[in-house]
Each structure stands twice: as C-alpha cells, then as structure tokens.
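Trainee: sharing a sequence plus its predicted fold:
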Amino acid sequence: MQSAPFEIEKAPPLVAFALRPLPLPLLSKALTALTRSVAGRHPSMFRRLGPFASARFVLDPTDLPFVICLSPDATNPHVILHRSPQHGDAKIAGPLAALLGLVHGAFDGDALFFSRDLVIEGNTEAALALRNAIDDAELDIGAELQAMSGPFAGPLRRAIILAQALTGLCLKRPENGGYC
C-alpha cells in the first residue's frame with residue numbers, strides 16, 4: 001500500500017472520451033449487476049456498513065464525464081450514473097485512479113485525503129464506514145467481473161490485464177496481479 005507522497009494519475013483522456021457517448025442507463029445496469037454480485041459474494045461487507053447500509057454515496061471520478069450514485073442496501077443494491085452533480089449522504093471525489101487504488105487496497109485512504117487527491121463531503125462517518133467495509137472485503141473488481149463472466153473468465157482476465165497496461169489504472173488488487 002502506497003502511503004508516501006506520490007502523483008495520482010488522471011484517467012487517460014481516451015478513456016474519458018470513450019465513456020462520454022455511452023448510454024448511462026446501460027452503464028448503470030452493468031454496475032448494478034456488479035454491485036449485486038459483490039453483495040452475494042461478500043455479504044459481510046454490506047453488514048459492516050451498519051447504520052449506513054441505506055445511505056446514498058456519491059462517487060465522483062473527477063476525470064470522467066459522470067458521477068456514480070451508490071445505494072448499497074444489501075437486499076437491493078443499485079448504482080445510477082448521472083452527468084450532472086448529485087447529492088447524497090456522503091460524497092467521495094477524486095481521480096479514477098485514486099478511487100480504484102483505494103478499492104484495491106493499493107493506496108492509503110488517509111494519505112489520499114490529506115494530500116487532497118480525495119475529497120470527502122457530507123457525512124464523513126458514512127464515507128469511513130464504506131471505506132472500512134471495502135477494505136475488510138479486500139475487493140478485486142477484476143476478479144468480481146471474472147466471477148460474473150462464466151466461460152469468458154479467462155479471456156476477460158487477459159482483457160483486464162491488457163486494459164491495466166494500456167491505461168495505468170489499477171483494475172485488480174496488487175496481490176492478484178494488479179499494479180497501481
């Protein structure tokens with residue numbers, strides 16, 4: 001886990017450009033399916049949220065053309081993407097690389113916060129509960145996607161490794177072949 005001062009990269013402009021024309025309802029459905037799969041594979045993560053299990057989290061990858069609204073209710077989690085600013089119980093904003101590195105345990109959340117690479121607004125206790133729940137679950141987005149892909153897991157793994165190499169984004173936990 002990196003905790004010393006370092007430069008957080010922005011998502012490559014081509015990634016942001018490629019995401020701009022995609023229909024947000026379709027991306028929202030895909031991210032909701034991923035979140036529900038995570039809920040099924042890591043139910044303790046949702047229990048760990050405690051009183052914040054029904055909170056609305058706004059995740060703002062500042063270098064992408066949308067914000068992500070996450071409602072992590074364990075029985076019906078869902079994700080909705082918006083092109084305009086949104087309000088929630090807690091908002092976590094920063095470059096996509098910082099958010100992915102945080103999810104994958106590659107970056108220290110406190111270091112990101114104090115270096116101002118990550119900005120937290122609203123209920124900081126809810127944001128901290130979300131961070132702790134994700135840390136405890138040791139999520140690996142690449143592995144979660146592979147688990148959902150059935151017979152396509154092998155080719156998807158190779159695609160994720162290639163995407164990491166091309167974008168520099170942390171798409172897997174470092175101990176599982178990811179790098180940040």
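Mentor: That came in fine, so what should we check first?
Trainee: quick one: low-confidence parts of this protein?
Mentor: The chain contains residues with pLDDT under 70 at 1-6, 176-180.
Trainee: centre-most residue in it?
Mentor: The C-alpha lying nearest the average C-alpha coordinate of the chain belongs to residue 100 (CA atoms, centre = their mean; 5.2 Å).
Trainee: tell me the secondary structure for that one?
Mentor: In the three-state summary, residue 100 is assigned as helix, counting by DSSP: H, G, I helix; E, B strand; the rest coil.
Trainee: how about it, what does it touch?
Mentor: Under the criterion of CB atoms under 8 Å, 6 or more residues apart in numbering, the contact partners of residue 100 comprise 141, 169, 170, 171, 180. For every residue, glycine as well, the C-beta is placed using N, CA and C.
Trainee: quick one: which of these sit in helices?
Mentor: residue 141 (DSSP state H).
Trainee: out of the contacts of residue 100, which is most surrounded?
Mentor: Using other CB atoms under 10 Å as the neighbour definition, those reach their maximum at residue 170, which records 26 neighbours.
Trainee: and the gap between it and residue 127?
Mentor: Per CB to CB, to the nearest Å, residue 170 is found 20 Å from residue 127.
Trainee: buried residues in stretch 135-145?
Mentor: Neighbour-count burial for stretch 135-145 flags 137, 139, 140, 141, 142, 143, 144, 145 (criterion: 16 or more other CB atoms under 10 Å).
Trainee: my guess is the second one meets residue 44, correct?
Mentor: Which is residue 139. No. Applying CB atoms under 8 Å as the test, residue 139 and residue 44 come out as separate, 11.8 Å apart.
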